[in-house]
Every structure is written in C-alpha cells, then in structure tokens.
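Engineer: dropping a prediction and its sequence here:
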Number of protein chains: 2
Amino acid sequence: MTPTIGVFDSGFGGLTVLRALIHRLPQAQYAFLGDTARLPYGSKSRRTIARYAAQSARFLVREQGAEFLVIACNTASALALDAIQDAVEVPVLGVVEPGAAAARAASRTGDVLVMATDATVQSHAYAAACSAQGLRALEKACPLLVPLVEEGWTAHPVTAEVIRIYLDEVQADAAAKGFDADTLVLGCTHYPLLRPLIEAEAPRGMNVIDSAEAAAEAAVRLFNGRAAPAASEPTAETWIRCFATDSVEKFERIGSRFLDRPVGKVDLIDLGG
Amino acid sequence: MTPTIGVFDSGFGGLTVLRALIHRLPQAQYAFLGDTARLPYGSKSRRTIARYAAQSARFLVREQGAEFLVIACNTASALALDAIQDAVEVPVLGVVEPGAAAARAASRTGDVLVMATDATVQSHAYAAACSAQGLRALEKACPLLVPLVEEGWTAHPVTAEVIRIYLDEVQADAAAKGFDADTLVLGCTHYPLLRPLIEAEAPRGMNVIDSAEAAAEAAVRLFNGRAAPAASEPTAETWIRCFATDSVEKFERIGSRFLDRPVGKVDLIDLGG
C-alpha cells in the first residue's frame, strides 16, 4: 500500500511543489486541493486564512485519507501553519521553513533576499524563519509576478523588465542597509516558472533558492524518516487526484503548466463559505 | 433629507464609479461596500457571485438605508444583476448597460472594442449589451491591467507596453474579423486610472468610453427621474461611508487613488462565508 500525501494551496501555484514531490517520490499517491473559490488568501486576515486552511486540511486528511500534508502555499504557511497542525492529526510541513533552511545551506555571507507576494512579505515569515537560521533576510514584495505567470508570460520581455525593476529596487535597498546578499529565495510557488528569467536578471554568482524544491526535499526527508516508502522504481503512472473549490476550468487549463504534465480532470468540491 | 446611494464592488475599483457619482451628485449621501474578503469575483462561478452580491446588496439597503444601488463591479453586473434585483426592493443599476449605451452614442461605424477582465470577457456581457444596442463588440481580456493599477504603475512604461500589446492583439483580431472599430470601451472599474495611457496608445480618433463615467451618468438620469434631488450647491462635505469585508488597511491605503480624495476610516463588516 502506497502512502497518500495531501498537498494544499489557495490556488494552483502549489502544483510546482507537487511536481517537485512527484519527481522525488513517484511511487506515492497524491491528493491536491486548490481552494480556488476563496483565493487569493494574500488579501485576507490571519483569522480568515486559518479557518479556510483548516477546512482544506481536514478535507485532505479525513475525506482523501492523506497521511501527510504539505502546505504548498506561502501565505498559509506563513499565517496558518499552527492552525492547520491543530486541525489534523498527521504531520504537516509548510514551505517557509524549508526555504529558509535551504538558504542557510547556500549562503556564505549570511545575507539573503526574498521575493514573495505582498501578503507573505507583510507577514515577515521569511525574515523570522531566516533569523532562526542565523540569516539576515531582506524581503521584497513582487505583486505583478503572479499575474504575469497566470497570463502565461513566463518568457516575455515585459516580465523580464518587471523582474529587473524589482531586483534593482531590492538591491538598492540592500546596499542602503549594508546587506551583502549572495542568495535569493523564491518565496512564492508561482515563481519557479520564472526561474530562468530571474536567474538571467540576478547578479552573477547569486544562489537562487526555490522554496517549492526545498519543501519537496524536506518532505521526502521527513517522510522517509517516518514511513520508509518501498524502494520501488519511479512509475509513469503516479496516482494524482486534484480538487478545487471553484473554477475548475481555469485550473485544468493552466494547471498543466505548473505541474508540467496534464492535471487531468479536476473535481469540484464545496467547503462552504 | 438627502437620499442615500449604495455603491457596491467586490473590491475598491468601484470607487471610480463613486468618484464619478460624487462629481455629479455631491449633495447625496453614499454608502460604499467592497466585498474584499471574497474578491476577486472574476474567478468564481455565477451561483457563488450571485450569492455574495445579493448579501452585499441587502447590507447596503437594509442596514445602511440605501434607496438606490449602483453595482460598480463589471463581474457582478455581468453575472448577478438579476439576482441583486431580486434580493432588494430598490432600483439597481449595473455598469455594463450604460457602457454599451455610451458606446452606441459615440460610435459611427457600429463596431466597438471592449477591454475588460478575463471573467467579464468570458461572460460576454458586453457583447450581449452592445448587440442589444445594434453594435458589434469585440472583447479583449486584459488580466494584467488590474494588478498594474494596484501596484500603482498607472503612468509606468511597463504598463504602457502591456496596453500596447493588448491593443495590438485586439486590433489584429478585429482586422481579421472585418471589424471597423472606432470606439473602445473600458469595461473594468480599475481602468479609468489608466485612461491617459490607453488614450495615448489607442489609434488616433478612437473614442474611449469609460463605463464608470457612463454608469454615473445613467444613475443621475435614473435618480433624477425618480427622486428629484434638491438643487443644492456642490459641497466639499459629501457624506460617504465605506465598508469592507476584510483587509481595510489596503482599502484605506490605495482607495484614495481611486476615489481621488481620502477614503477616511473604512469599517470592517462580516457578511459570513
């Protein structure tokens, strides 16, 4: 019997985390839930986000049998990890701590830059997680990057220009504050699709850390320590079920870009609200 | 006793409609509700949007005493106008019909272009309203424009470039379909803030119709026909109360750009869900 890993996001950006998980644990079963009826979480209060995220986590554990949860959403990881851990009885992993730990492993100067959504930056979750790792972090809100990814402009000159502007602004801020940053954390699960453009625009020698990859690696370590999955061969037939709370059409249409394979049929569910 | 006009949007873009109303009816009282906890409506189903919009309309009429409602949200106007009219006993006006009527008055060729959000375009509400006016409409989804306005890049070269790309795409499509468009409708209440850039990028001689202005003009006509407001002088002390269902901070911070005056304190309310 293969284990079921539940993966949760407010939308479908978290499919980049699922993609990274499948690459590492192809023999697992996956249940992915995008709470698309209530996205974006970024503009909502901590109390509201905690309530929504706890409902979503319970659905994955109680109705889909998930034995392990990955919160593939920076906002929910930043604001509601405790609430989710209280809501379910299985291990829960977010994306912020693994991102900070990967930055710790990569940085020699101890100073890192974090690109994220406005809500994640306002929570200062990365600054806190980096501080716990002995790093100084400078966080930069990049609110246009998610819409640019969703428009499909992942290799577009306009997107390159926007990334250049954001990087120029954060580097000017870093210089003014005496930061010697050598590592850049992509603190949003949409940003892996922009990694080639971001690497092209970042200063030479800057380490680029993908929090989706970091979370998948941490999940595999935690998972192996608990349940020792069978050492089966990777299979093309990884078992995935995708759920959304609304608007499955857009999910099916652009989700495959994030997952890098067809998402198949997405089931519509109702969590209330 | 001055009448109270209720103005409703899923966010704060509808403040551009409120601004246009205040300019025309400074002696009225206004209650504005942004259903920010549940925005954006654009990614949600018709049934969900209708439920949210009806709750919001009832709040404005029953709790704030609105005697007239303006639905300053293209998505709610396109998908839920009937549901709102069923939910309350006061006159209700949306933004789509007035935008189409203004296009009819402006166009000589009978062919118009409509820039709007993805959800509004998918509803084809403008195409239907324009068709009812004897116009042919070609609708263009412009999903990056709302994020660019909310980033504050309303006079930014990147925004000009994005507008140029969208206009080039819709004009190529128009040419392929044999449209001879002479009028461009701004079918989103965020777009009035981009009007100078859009006018600069549009072909010379193209009429630009602002659905926020058109809705305010239609509201004044309808309102004057019903309640004949006192012919008072415009006052600097227009009475406005603003409500939001979440995230009043962002509302207070950027709402003044849309309203073109301070929004003042925004009251947080709970509509459930």
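Structural biologist: Cool, got the structure.

Engineer: check the gap between residue A:20 and chain B for me.
Structural biologist: From residue A:20 over to chain B the distance is 25 Å, taken as Cβ to the nearest Cβ, to the nearest Å. All C-beta atoms are positioned from the backbone trio N, CA, C, and that covers glycine.

Engineer: sec struct for that residue, please.
Structural biologist: Secondary structure assignment for residue A:20 (DSSP: H, G, I helix; E, B strand; the rest coil): helix.

Engineer: that one: what's it in contact with?
Structural biologist: A:210, A:212, A:213, A:215, A:216, A:217 (Cβ atoms under 8 Å, 6 or more residues apart in numbering or on different chains).

Engineer: repeat for residue A:8
Structural biologist: A:14, A:32-33, A:35, A:53, A:56-57, A:60, A:69-73, A:76.

Engineer: which parts of the helix or strand residue A:105 falls within are buried?
Structural biologist: If you go by DSSP states H and E, residue A:105 is part of helix A:96-106. Within helix A:96-106, the residues that count as buried by 16 or more other Cβ atoms under 10 Å in any protein chain shown are A:96, A:97, A:98, A:99, A:100, A:101, A:102, A:103, A:104, A:106.

Engineer: okay, it in PDB with CA atoms only?
Structural biologist: Output in PDB follows, covering the C-alpha atoms of helix A:96-106 (Å, rounded to 0.1, in the frame of the first residue of the first chain):
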ATOM      1  CA  VAL A  96       8.700  28.800   4.500                       C
ATOM      2  CA  GLU A  97      11.000  26.800   6.900                       C
ATOM      3  CA  PRO A  98      12.500  24.600   4.200                       C
ATOM      4  CA  GLY A  99      13.100  27.700   2.000                       C
ATOM      5  CA  ALA A 100      15.000  29.300   4.900                       C
ATOM      6  CA  ALA A 101      17.000  26.100   5.700                       C
ATOM      7  CA  ALA A 102      18.000  25.800   2.000                       C
ATOM      8  CA  ALA A 103      19.100  29.500   2.100                       C
ATOM      9  CA  ARG A 104      21.200  28.700   5.200                       C
ATOM     10  CA  ALA A 105      22.900  25.900   3.300                       C
ATOM     11  CA  ALA A 106      23.600  28.000   0.300                       C
END
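
Engineer: packing partners for that helix?
Structural biologist: helix A:74-87, helix A:125-132, strand A:183-186, strand A:207-210, helix A:211-227 (3 or more Cβ pairs under 8 Å, 6 or more residues apart in numbering or on different chains; DSSP states H and E).

Engineer: for residue A:88, which non-adjacent residue is closest in space?
Structural biologist: Of all residues not flanking residue A:88 in the chain, residue A:61 sits nearest, at 4.5 Å (Cβ to Cβ, 6 or more residues apart in numbering or on different chains).

Engineer: contacts only, for the residue of the stretch 1-150 of chain A found nearest chain B.
Structural biologist: Among the residues of the stretch 1-150 of chain A, residue A:147 lies closest to chain B, at 4.1 Å counting by Cβ to the nearest Cβ. Residue A:147 makes contact with B:143, B:144, B:146, B:147, according to Cβ under 8 Å, 6+ apart.

Engineer: with residue A:95 instead?
Structural biologist: Neighbours of residue A:95 in contact, by Cβ under 8 Å, 6+ apart: A:17, A:70, A:71, A:72, A:73, A:74, A:77, A:189, A:211, A:212, A:214, A:215.

Engineer: where does the most centrally placed residue in chain A sit: helix, strand or coil?
Structural biologist: Central residue of chain A (Cα atoms, centre = their mean): residue A:189, 3.6 Å from the mean position. Under three-state DSSP, the three-state class of residue A:189 is coil.

Engineer: any regions of chain A where pLDDT drops low?
Structural biologist: A:1, A:43, A:226-237, A:273 (pLDDT under 70).
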